[in-house]
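A.B. asks: Dropping the sequence and predicted coords here.
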Amino acid sequence: MSAAYPALRLRRTRASAWSRRLHAETILTPADLIWPLFIAEGQGVEEPIPSLPGVSRWSVDGIVARAKEARDLGITCVALFPNTPPALRTDDGREALNPDNLMCRAIRAIKDAVPEVGVLTDVALDPYTAHGHDGLVDDAGYVMNDATAGILVGQSLNQANAGADIIAPSDMMDGRIGLIREALEGDGHHNVQIMSYAAKYASAFYGPFRDAVGSRGLLKGDKKTYQMDSANAEEALREVALDLAEGADSVMVKPGLPYLDIILRVKSEFQVPVFAYQVSGEYAMIEAAVAAGAGERDTLVLETLMAFKRAGCSGVLTYHAAHAARLLHA
């Protein structure tokens, strides 16, 4: 049994900064952060994204510079997302299979220049399709599962051949993890990890991301037939169990803060590495609060990131990664 007040005063250990640090139950470091980066065509290009203040698309040379910055800040992994030129977007998303597409060029450039930085690549067709969906669409507008999964396997091998360290399927097609794992093993990519977007919800928080990859105006309908219903938690556990059984090395919950309960349940149930994506809408809300004088950026950023770690995350994808790393070094 615990002692009673006044023998026990819980404020004793909070009375000084050194003691608060000593008794901290959760630790956040730059190595816990993954920095999402958007790729644009060209050379020397920086394209600010209005709905994501402070975030830009970068040409491949700029992506390499950001990867070097990540290394210097102690961020060990970057996540890449291409803004495919409109002329290369087709209904079948064939540009995803091009070994010289934006994604593959950025992967090779980073691994040539900064091989010690991990590269995580998005596997889904929405940056490549003319209709903005994550997969192939039939005449009725339904995203076809098995036909899409076959393309995702090719996309994954394309990225692995370019040097990707972590393949991150974000499409939410059934069965694709097992197919991708089998293909990676068969092609000799034994050490390429799969971080599955296992519990990805059909969320209202993705809008600025769609601006960043150029798909917002293209999307016909919504993604509710393949992304999860925000009302469901047990289903998330089933999705995670399936992806782990098929060969995922780690799993992701997306979005982040509105789904901390899902993160906690996944970690408690499976005891595997769990990641969260603090998505574009979450980032934009923090920046809007700062602009309105409703909060202070540094404390908002660190508090929200600590919440992910406290809930059980091994790491967090966040557009605030570089800013947070600088704060953690201060």
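C.D. replies: Ah, there it is.

A.B. asks: Quick check: end-to-end length of stretch 180-198?
C.D. replies: 14 Å (C-alpha to C-alpha, to the nearest Å).

A.B. asks: can you check stretch 202-213 too?
C.D. replies: Per C-alpha to C-alpha, stretch 202-213 runs 17 Å from first to last residue.

A.B. asks: got it, and stretch 29-46?
C.D. replies: Start-to-end, stretch 29-46 (C-alpha to C-alpha) is 28 Å.

A.B. asks: Just the buried positions in it, please.
C.D. replies: 30, 32, 33, 34, 35, 36, 37, 38, 39, 40, 41 (16 or more other C-beta atoms under 10 Å). All C-beta atoms are positioned from the backbone trio N, CA, C, and that covers glycine.

A.B. asks: Among those, which ones are in strands?
C.D. replies: When DSSP state E is applied, those are split such that 33, 34, 35, 36, 37, 38, 39 fall in strands.

A.B. asks: what's the closest of the residues you listed to residue 11?
C.D. replies: Using C-beta to C-beta, residue 33 comes nearest to residue 11 of these, at 31.5 Å.

A.B. asks: Assess the claim that that closest one and residue 75 are in contact.
C.D. replies: Yes. Using C-beta atoms under 8 Å, residue 33 makes contact with residue 75 at a distance of 5.2 Å.

A.B. asks: Now the common contact residues for those two.
C.D. replies: Common neighbours of residue 33 and residue 75, counting by C-beta atoms under 8 Å, 6 or more residues apart in numbering, are 321, 325.

A.B. asks: would you turn the buried residues of stretch 29-46 into a markdown table with distance to residue 264 and pLDDT?
C.D. replies: Converted to a markdown table, the buried residues of stretch 29-46 look like this (distance: C-beta to C-beta, whole Å; pLDDT from 0 to 100):
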| residue | distance to residue 264 | pLDDT |
| --- | --- | --- |
| 30 | 24 | 98 |
| 32 | 17 | 98 |
| 33 | 20 | 98 |
| 34 | 20 | 98 |
| 35 | 24 | 98 |
| 36 | 23 | 98 |
| 37 | 29 | 98 |
| 38 | 30 | 97 |
| 39 | 33 | 98 |
| 40 | 37 | 97 |
| 41 | 41 | 97 |
